Structures are given as C-alpha cells and as structure tokens.
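K.L.:
Predicted model, plus sequence, below.
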Amino acid sequence: MGHVEVGHVSHTLPDGRTLLSDVSFRVGEGVTAALVGPNGAGKTTLLRLIAGDLQPQEGTTAHSGGLGVMRQFVGNVRDESSVHDLLLGTAPEPVRAAAATLEAAELAMMERDDEPAQMRYATALTGWGDAGGYEAEVLWDACCVAALGVPYERCRWREVKTLSGGEQKRLVLEALLRGPAEVLLLDEPDNYLDVPGKLWLEERLRETAKTVLLVSHDRELLDRAADRIVTVEAGQVWVHGGRFSTYAEARRDRNERLEELRRRWDEEHAKLKQLVTMLKQKAAYNSDMAPRYQAAQTRLRRFEEAGPPEIPPRDQTIKMRLRGGRTGKRAVICEGLELTGLMKPFDVEVWYGERVAVLGSNGSGKSHFLRLLAGVAEVLPRGATPVAPVAHSGTGRLGARVVPGLFAQTHARPDLAGRTPCEIVMTEHARLRNDAMAALARYELQVCAEQPFETLSGGQQARLQILLLELGGATLLLLDEPTDNLDLASAEALQEGLESYEGTVLAVTHDRWFARSFDRFLVFGGDGSVYESADPVWDESRVTRAR
C-alpha cells in the first residue's frame, strides 16, 4: 500500500505570480482523494510536482509504493504515437528503460544484421524479460481486450489518434488500475468518457485498494468515488474529510470561521496600535511610562510578526452574457439525415429557443452531428473559422437568421495557437485593450490574459471559447462537452448563462447534472438509431432492448 505526502510546497510562475504557497496535505493508504478548485488554481501543477515532472521550489513531496500517472493530455492525443507507446507510458520506469534499449537494438539489427547486432538484440531481450516486460505485455493484452475489444498483438501498432478520446482514456485507466503501481495520480480521468464509462470508473475507484489522487469536475463522480476532497484555491490547500455531498456546506462554514478569525485579529491589531500610540504620548512627558510603552511596542511587533489568519478565498464571479438573437421559428431541420457509417437516417426539427441535449455513447456520431450543422452555415459568428464539411446523405440545414457557434470538445483551435486571450479578443472582435480586459475579467481570465492559448489550463481554454461565442453573436450554440474542463463555479455560470440566452442550444454532454437543465433529449443509439426521449438516457442499451 502507498501514500502521498506534500510538505510546505510553494511554487511561483515565471511571471512572478505565486501559484502555491506553503501547501501541505497527506493522502493515506487506500484512500481516494479528489483535488478540486478553480481552473488555473494549480491542480495539474500540484500533480506534476508529486509525479516528479517539476521540482518544488520550496518544500517536499513524497510517496510510497510505485507511482502511476494519467496526464491531462490523454484523450486528446493527435500525434503519431501507437497504442504500444501509450501503454508503455503507464509502465514502471525499468520497463520503459528496457523498451528503449530493445527498440534501439532492433533498429541496429535492421541497419546491420551482424553478430554484434544479434548479441546486442539478445541481451536487450534478456533485459526486457528481467525488467518485467513480458508480464507487462500480458497486462496490456487484458487492457486492450477490455477497452478496445481486441488483443494487444492486433492493435499494438495502431495510431492512438485513430482512437476516440473515451477509448484512449479507458485504455490508460485499465492499465493503471490493473497495474502494479500502488499510488495513482489521475488528471481528469473522466473527461471524454461517456456515462457508462463514468459509471465503470466510479465502481473501479470504489473497489480499488490503491491510493488515488484525482482531479475531476464531475460532481456525481466526486460524490460517488472520493473519500475526501482536497481543495486548491488562492494558493492554499485545505482538506474536507467527508464526501462531496457535504463539501459545499463545509466550505461555507470554513470561510465563515476564517472571516470571524480575521475580524477578531483586525480588532486586536487596532487595539494594540491604539495602545502603543497612547503610551507613546504619555511617555513623552512621563518617563515612568517608558517601560510600558516599550512593552506595548514589543507586543505589537510580535503580534504582527505572527501574522493574520488565513484570508478566506474569494468566490469566483463569472458573468456569462450569452445574448443570442431572434431567428426563424425552425432553427435546425434534418430530413433523412445520415452521417456516413455512423447512424441510420433520421428526421428532427429543433425550434427557436429550445434546449436540446444530445446523448449517446462515444463513437455514435454526436460530435460529427454538431460539426455538420456548423459546416452548413451560410453566416458564421464574428471571428469564427469555417468548419470542414462532414460526409452525409439526406438534408441537414439551418433556419433563417441562424448563426451557429461551435464549442470544440478537444479545444483544438489551431487558429488561436501562439496568441494570447487579450490579443484574440482585440483582433477578432475589434475591442480596445481596456474593453478586452473587461470582457476577460467577467470570465475570470484576466490573470492569464497575456499567456499563449496553448499554455492555458483546459478550463481556461473552455471559458475563452465560450467568451468568443458570446462576442461573436451566435444565435445557435453547438456545444460539444462544454463542462468537461470547467470548474464547478464556471459550470454553474454556464448553466445560468444558457437560461437567459435568447437563442437555441444543442449540447453534446455526458454531464448528468448539466443534462437535467435541458428541455429535450436526442439520443444517438448504439444500434445506429436516433430518437427522442422524455428523460435523459444513460444506459442506452437497455432502452434499445426495450424498444
């Protein structure tokens, strides 16, 4: 069994901002702890410090037992790496080192198949076995069958980018949860998973004897799987020892206690300063008062050196002003629409002002459906780039005056790469710098206004995308998993913004809490059918059998 311990860790960003200040906490053996907090508060940085990717500028991190890490990028791998490479990244260091040696020996044999190369290859094979490589391949085979439905040997050289985000996540989670590491660091493991996948993850986290520290914004998963909640906000960390269902009340009570302690400290500070001032005046004409004056000064100095109690963290005040605009009565019209190879033909009409949640398992065509609607638009929001056409048959079109704005699930926005949020808002939407900064401040993005887009946290990128939709004047919002990377306050702000939005909303989501706020539910079935449901459908297979 393993544990995680963080002791007095501080971390300052290159721009001089203090991200973490004197952070200490412990996750005991066999505990599943959730790391929560605002986007950009330092959750991923804290995981990287524990994993050893970064060295603490002050303080220490420690863990016992082997360490398995799921990094935030899993689910959005778009490079040339293979399934073998992805699984190898979850293996212990000796296995990774032996794999590198074996690969080098294989390349040497391809270039020159002589006796020294053959001896080098034989030695590398022995090292691979001694490091546990063959045992790892047996594990990977079980993981590939469970996650992809095929054995390891049949998919080991398949490019990871050909897997869906959910398949990538599930494969890595299978490897980590089945693997030898006793401590797991999971950065947003539920992103890209459909609801059956999230239910599977919740069950496995409840069952595992491993020590787990995970980052998630899914409130239902947090409540069902986490034993305790570790909160990162305003550079500090505090631990709630209960489940997430009692977290909001615990946080409110804690902040009220901190406010009361600060009020008392301020009152005592004012009294001591007043006392010093009074004794100074008396000592000026009565030398007998000098010792009392000096004692009061010493008392004030020690009081100030001890410092005030922790300041309660400021609540986020995110104000999304999604306006929209009046369109024709029919916003979306689909007649005999079929996305090639993904679904059977279906008809649907979406009327102005409706809120439609698009549900279904991963790979059923939901994201393609949103991109198809964005691609047939005659008019795009200000600053938007055209969407590539999606192969289909039948008709999918938009109504009069419908301007679709697409929120991309993967945040893949090459048009924003290398540009800062302030620059993007000023350039794309003709805003003066002060106006751009005011808009960013409403989304709590002023702290990262001068950072390149690709360096922002997932949640910051998501909030910026929503701001651009707001400024662009979209009258139809096509949202692909918008809450995946949003912190709790941002997700609530988005829901409030959608309630007052004067337009039509289609949202692909696996967020069970978020989906409950919608009017209609369009389900993409596992059998290729597309149908409407009166309520959210999470286990689509049961509905298919019933129908």
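P.N.:
Received, thanks.
K.L.:
Need the nearest residue in space to Ser245, chain neighbours excluded.
P.N.:
In space, Ser245 comes closest to Asp223 once its chain neighbours are excluded; the distance is 5.1 Å by C-beta to C-beta, 6 or more residues apart in numbering. Just so you know, the C-beta spots here come from the backbone N, C-alpha and C atoms, and that holds for glycine as well.
K.L.:
In a helix, the one you found, correct?
P.N.:
Yes. Counting by DSSP: H, G, I helix; E, B strand; the rest coil, Asp223 is part of a helix.
K.L.:
if I look at it, how far off is Arg463?
P.N.:
To Arg463, Asp223 is 24 Å away according to C-beta to C-beta, to the nearest Å.
K.L.:
The two: who's more crowded?
P.N.:
Arg463 (30 against 16; other C-beta atoms under 10 Å).
K.L.:
so is the more buried one in a helix, a strand, or just coil?
P.N.:
Using three-state DSSP, the structure places Arg463 in helix.
K.L.:
Provide a list of residues in contact with the spatially most central residue of the chain.
P.N.:
For the chain, Asn485 is the residue whose C-alpha lies nearest the centre (C-alpha atoms, centre = their mean; 3.6 Å). Neighbouring residues of Asn485 by C-beta atoms under 8 Å, 6 or more residues apart in numbering: 39, 188, 191, 217, 411, 457-459, 461-462.
K.L.:
Likewise for Thr427?
P.N.:
Neighbours of Thr427 in contact, by C-beta under 8 Å, 6+ apart: Arg419.
K.L.:
how about the strands in the stretch 101-250 of the chain?
P.N.:
For the stretch 101-250 of the chain, applying DSSP state E, counting those that start in this stretch gives strands covering 183-187, 211-215, 228-233, 236-240.
K.L.:
Any idea which of those strands gets closest to Glu58?
P.N.:
strand 236-240 (14.2 Å; C-beta to C-beta).
K.L.:
Mind listing what's buried along that closest one?
P.N.:
Neighbour counts using 16 or more other C-beta atoms under 10 Å place 236-238, 240 of strand 236-240 among the buried residues.
K.L.:
And for stretch 201-220?
P.N.:
Residues of stretch 201-220 classed as buried: 201-202, 204-205, 208, 210-220 (neighbour count, 16+ other C-beta under 10 Å).
K.L.:
Ok, stretch 91-109 next?
P.N.:
Those buried within stretch 91-109 under the rule 16+ other C-beta under 10 Å are 91-92, 95-96, 98-99, 101-102, 105, 108.
K.L.:
which residues of the stretch 1-150 of the chain score low on pLDDT?
P.N.:
By pLDDT under 70, the stretch 1-150 of the chain has no low-scoring segment.
K.L.:
all helices of it, in order?
P.N.:
Counting by DSSP state H, counting those that start in this stretch, one finds helices in the stretch 1-150 of the chain at the ranges 43-51, 83-88, 93-111, 115-130, 133-148.
K.L.:
so what does the longest one touch, helix or strand wise?
P.N.:
So the one you mean is helix 93-111. helix 83-88, helix 115-130, helix 133-148 (3 or more C-beta pairs under 8 Å, 6 or more residues apart in numbering; DSSP states H and E).
K.L.:
and the last one with helix 93-111, angle?
P.N.:
Here the directions of helix 133-148 and helix 93-111 differ by 100 degrees (axes from the mean of the first three to the mean of the last three C-alpha atoms, to 10 degrees).
K.L.:
Tell me which residues are up against stretch 160-169.
P.N.:
With C-beta under 8 Å, 6+ apart as the test, stretch 160-169 has contacts from 70, 74-83, 85-86, 147-148, 171, 189-194, 197, 362-363, 409-410.
K.L.:
Straight-line length of that stretch, end to end?
P.N.:
Separation of the first and last residues of stretch 160-169 by C-alpha to C-alpha, to the nearest Å is 11 Å.
K.L.:
For the closest residue to Arg120 other than its chain neighbours, give me its contacts.
P.N.:
In space, and not counting its chain neighbours, Arg120 is closest to Ala105: 4.8 Å by C-beta to C-beta, 6+ apart. Contacts for Ala105 (C-beta under 8 Å, 6+ apart) come out as 117, 120-121, 123-124.
K.L.:
Most neighbours among those, which one is it?
P.N.:
Counting neighbours by other C-beta under 10 Å, Ala124 comes out on top of the contacts of Ala105 with 22 neighbours.
K.L.:
And for stretch 235-247, what's in contact with it?
P.N.:
With contact meaning C-beta under 8 Å, 6+ apart, stretch 235-247 is reached by 6, 18-25, 33-34, 36, 42, 219, 222-223, 226-231, 250-251, 254, 310, 313.
K.L.:
Of the residues you listed, select the buried ones using a ChimeraX command.
P.N.:
The buried residues among the contacts of stretch 235-247 can be selected in ChimeraX (16+ other C-beta under 10 Å) with this line:
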select :6,19,20,21,23,25,33,34,36,42,219,222,223,226,227,228,229,230,231,250,251,254,313
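K.L.:
tell me the mean pLDDT over stretch 357-370?
P.N.:
Mean pLDDT, stretch 357-370: 87.
K.L.:
How far does that stretch stretch from one end to the other?
P.N.:
The first residue of stretch 357-370 is 12 Å away from its last residue (C-alpha to C-alpha).
K.L.:
now do stretch 384-398
P.N.:
From its first residue to its last, stretch 384-398 covers 17 Å (C-alpha to C-alpha).
K.L.:
So what touches it?
P.N.:
By C-beta under 8 Å, 6+ apart, the residues outside stretch 384-398 that reach it are 331-340, 345, 368, 371-378, 380, 404-406, 415, 468, 472, 476.
K.L.:
Narrow the residues you listed to just the buried residues.
P.N.:
Buried members of the contacts of stretch 384-398, scored by 16+ other C-beta under 10 Å, are 331-334, 337-339, 345, 368, 371-377, 380, 404-406, 468, 472, 476.
K.L.:
Point out the ones among the residues you listed that are inside strands.
P.N.:
Residues from those lying in strands, with DSSP state E as the criterion: 331-334, 337-339, 404-406, 476.
K.L.:
For Glu202, give me its contacts.
P.N.:
Neighbouring residues of Glu202 by C-beta under 8 Å, 6+ apart: 221, 224-225.
K.L.:
Kindly provide the distance from it to Leu221.
P.N.:
From Glu202 to Leu221 the distance is 6 Å (C-beta to C-beta).
K.L.:
Could you do Arg512 as well?
P.N.:
Between Arg512 and Leu221 the computed distance is 9 Å (C-beta to C-beta).
K.L.:
Between the two, which has more neighbouring residues?
P.N.:
Per other C-beta under 10 Å, whichever of Arg512 and Leu221 has more neighbours is Leu221, with 23 against 16.
K.L.:
pretty sure that one is touching Asp190, no?
P.N.:
Yes. Leu221 is within contact range of Asp190, at 5.4 Å (criterion: C-beta atoms under 8 Å).
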